[in-house]
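In: whatever this is, show me its structure:
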Amino acid sequence: MSKDEIRKKIEDLRFKINYHNYRYYVLDDPIISDSEYDEMMKNLKRLEDENPEFFDENSPTVKVGGVALNKFEKIEHKIPMLSLDDGFDDNDIFEFDRKIKRFLKMSESDDISYFVEPKFDGLSVCLIYQDGSLFVASTRGDGYVGENVTNNVRTIKNVPLKLVIDNPPKYLDVQGEILLTKDEFKRINEERIKNNQPVFANPRNAAAGSLRQLDPKETAKRHLIMFAYYLRDIQGYKKTIRYQHESVEELKNMGFAVSELNKLCRNVDEAIKHKKYLEEIRDDMPFELDGVVLKVDSFELQDRLGFTTKSPRWAIAFKFPAQQATTKILDIEVNVGRTGILTPVAILEPVNIGGVVVSRASLHTMDEIEKKDIMIGDTVFVQRAGDVIPEVVKPVKDLRDGTQRRFEMPNLCPVCGSHIAKDGAYYRCTNINCPKVLKESVKHFVSRKAMNIDGFGSKIIEQLVDKGIVKDVSDIYTLNKDILMKLDRVGEKLAENLESAIQRSKGITFAKFIYALGIRHVGEFVAKLLSERFKNLENLRKASREELLSIDGVGEEIADSVVSFFNEKKNLDTIDKLLEYGIYFVDDKSYGKTDSKIKNKSFLFTGTLSKPREFYKELVEKQGGIVRNSVSKKLDYLVVGDNPGSKLDKAKEFNINIIDEKELLALLEG
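Out: This next block holds a predicted model:
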């Protein structure tokens, strides 16, 4: 090929790759396979290497990282990146609405449209484009002067290096938020622990550290993402943009990723409803949300409202309750689990995190305590999200005053006094009949995801073990009404219900039975893999290590654990007794009703119910129903308890069937 043909080929490949990046990262709608994309990228890289005269700093190949810097240069923002005023409850938002109306000399009964956006826990950047190409990217800094991080921003896969539209604007100034997903944040911290490096306190801290790497290749390894949310300036463009919601849509058309959680609201009441919805779903999001931002949608009204010295009058940031806080470790205790593993637990000075008072947090293993350098008496970062057990993220070493002390794992089991043995990264009680181990095993065995024997609370299980009535999980099937009524606080009705639940549990899927056995490292997913591969108990009992390792998803630890479990005579005796007591296996289609009227119907729960949501989820899924996490037009039923949230309002908008618990049970009974 001639040089002119090579140049055209390179430009064509760059254009195509940029377009496919847009389809993949922004629209989430790829139209070519990964292998086709990889082949195009490989060809472009080869042509660029062979023809360095056609180098372009905005080529898609630079997303793997460019040349390292000695330091970041300072950049003065043409338009200051001001902070927003904060609000902390609905009253603050109503007052914000009233202030705007007073300033604009409007009646309080008039409606103002607001564009509501999620507030991500990341860091803000300013991106300048000239003639459709990325020119410079800078951090917010102090709002007036930031740092040049262009080379690092170029490595972020969903940031367009060239805008994907014909006739791009001559000049474009865009503000966006750079962040990490929760999974990527966890991966980075796990890697840092392995390398004996200090962990990041939160995703924002990690994203900032990732963006400010002097070597862009290091930034590229961190898998940052960016959401664009503010068109700060645009010149020489074919369209006139009059509203915030239009500007965000236009940014998406240009190739920027924008949040699907944005919503145009007709008035302040709708804005607050959407705020509540985002607060409800924050735990289900792949990235951290720490609030919402309300913006007056009309640019004409924004101009009239203007700015104070610190912030725009036309926007407010509403903060969600924090999911991370600092507190002090008062002591470290040890819990004994169902497999005999000892888990250190931090006893904390009680602290409110996201509306929940937290006084205990998992420290996972002794190795983690040592790698994170956690001491009794330390001030620490503690985090929680949804129903996840709170955990200690890192100590604040600068606050140590010499009174802190190291924790040592005990030599004897705190429950039964037996010897403790080290097992890899774990410490384990060597007594297979340790009462705590048996109690935890029984709790697991009867749980909904295992044998699903409803009604066995902790108090009942403790009595059964302490009185010697249950010596292993198979003894559950020797229980009857007369035995159960001898327990404290168990009356005739409860005893009858427990006996019925025990009998109902005998027909179980093979996968759930495997999970119920409590084999170390075998969760629900692995139990399903084992049931699909070996089909029956006899095959699983005889499975070799090599056969187990041949299953995609089964590693050495799992394989060794399964082989060890079925080589233990006590475990085989327990299984034999379970089968003698009438346990039998049914296929997934026979587990629950197959002629159910709710098959393939979708359900969502909101508000406080009389039973845990997991209870109803199990019943629905047994009959072929589907449980959703959010409201959409495709939802069939919203099940409402006391004090429902914004899901109820959204369901009414979509004309979704709204039912209570009694109506749900009537549906399930068919």
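In: and the strands in the stretch 501-650 of the chain?
Out: For the stretch 501-650 of the chain, the strands defined by DSSP state E, counting those that start in this stretch cover 507-509, 584-586, 602-606, 626-627, 637-640.
In: out of those, which is closest to residue 257?
Out: Residue 257 sits nearest to strand 602-606 of all these, at 27.0 Å, using Cβ to Cβ. Quick note: C-beta positions are derived from backbone N, CA and C, even for glycine.
In: what about that closest one, distance to the chain center?
Out: Remark: strand 602-606 is offset 20 Å from the chain centroid, using Cα atoms, centre = their mean, to the nearest Å.
In: give the other helices and strands that that strand contacts.
Out: Here strand 602-606 touches helix 613-622, strand 626-627, strand 637-640, helix 646-653, going by 3 or more Cβ pairs under 8 Å, 6 or more residues apart in numbering; DSSP states H and E.
In: and the third one, which strands flank it?
Out: Spelled out, that is strand 637-640. strand 602-606 (parallel), strand 657-659 (parallel) (DSSP bridges).
In: in contact with the spatially most central residue of the chain, which residues?
Out: Nearest residue to the geometric centre of the chain (Cα atoms, centre = their mean): residue 286, 4.6 Å. With contact set as Cβ atoms under 8 Å, 6 or more residues apart in numbering, residue 286 has these partners: 181, 182, 183.
In: against residue 223, how distant is it?
Out: Separation of residue 286 from residue 223 (Cβ to Cβ, to the nearest Å): 12 Å.
In: next one: residue 400
Out: Taking Cβ to Cβ, one finds residue 400 at 34 Å from residue 223.
In: please identify which of these two sits among more neighbours.
Out: Taking neighbours as other Cβ atoms under 10 Å, residue 400 and residue 223 compare with residue 223 leading, 16 against 13.
In: any idea how many residues pack against the residue nearest to that one when sequence neighbours are not counted?
Out: Nearest non-adjacent residue to residue 223, counting by Cβ to Cβ, 6 or more residues apart in numbering: residue 184, 5.0 Å away. By the measure other Cβ under 10 Å, the count of residues near residue 184 is 20.
In: if we can go back for a sec, what does the pLDDT read for the residue nearest to the centre of the chain?
Out: Looking at residue 286, its pLDDT stands at 86.
In: ok, residue 365 next?
Out: For residue 365, the model assigns a pLDDT of 89.
In: wait, what's in contact with it?
Out: By Cβ under 8 Å, 6+ apart, residue 365 lies in contact with 343, 344, 425, 426.
In: quick check: residue 151 touching residue 217?
Out: No - here residue 151 does not reach residue 217: they are 9.9 Å apart, not a contact under Cβ atoms under 8 Å.
In: circling back to that earlier point, which of the contacts of residue 365 are buried?
Out: 343, 344, 426 (16 or more other Cβ atoms under 10 Å).
In: columns distance to residue 199 and secondary structure on top of the residues you listed, output as TSV?
Out: Listed next are the buried ones among the contacts of residue 365 as TSV, based on distance: Cβ to Cβ, whole Å; DSSP: H, G, I helix; E, B strand; the rest coil:
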residue	distance to residue 199	secondary structure
343	19	strand
344	17	strand
426	21	strand
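In: what's the closest of those to residue 43?
Out: Using Cβ to Cβ, those come closest to residue 43 at residue 426, 49.4 Å.
In: I figured that closest one hits residue 341, correct?
Out: Yes - using Cβ under 8 Å, residue 426 is in contact with residue 341, at 4.9 Å.
In: and residue 622, how many neighbours?
Out: 16.
In: and the nearest residue to residue 540 once chain neighbours are set aside, how far from residue 508?
Out: Leaving out its chain neighbours, the residue that sits closest to residue 540 by Cβ to Cβ, 6+ apart is residue 534, at 4.3 Å. Using Cβ to Cβ, residue 534 is found at 16 Å from residue 508.
In: cool, residue 438 as well?
Out: For residue 438 relative to residue 508 (Cβ to Cβ), the value is 21 Å.
In: of the strands paired with strand 637-640, which is nearest residue 614?
Out: strand 602-606 (10.1 Å).
In: can you tell me what sits against the closest one?
Out: Contacts to strand 602-606, defined as Cβ under 8 Å, 6+ apart, come from residues 613, 616-617, 620, 625-631, 634-641, 644-645, 647-648, 651, 664.
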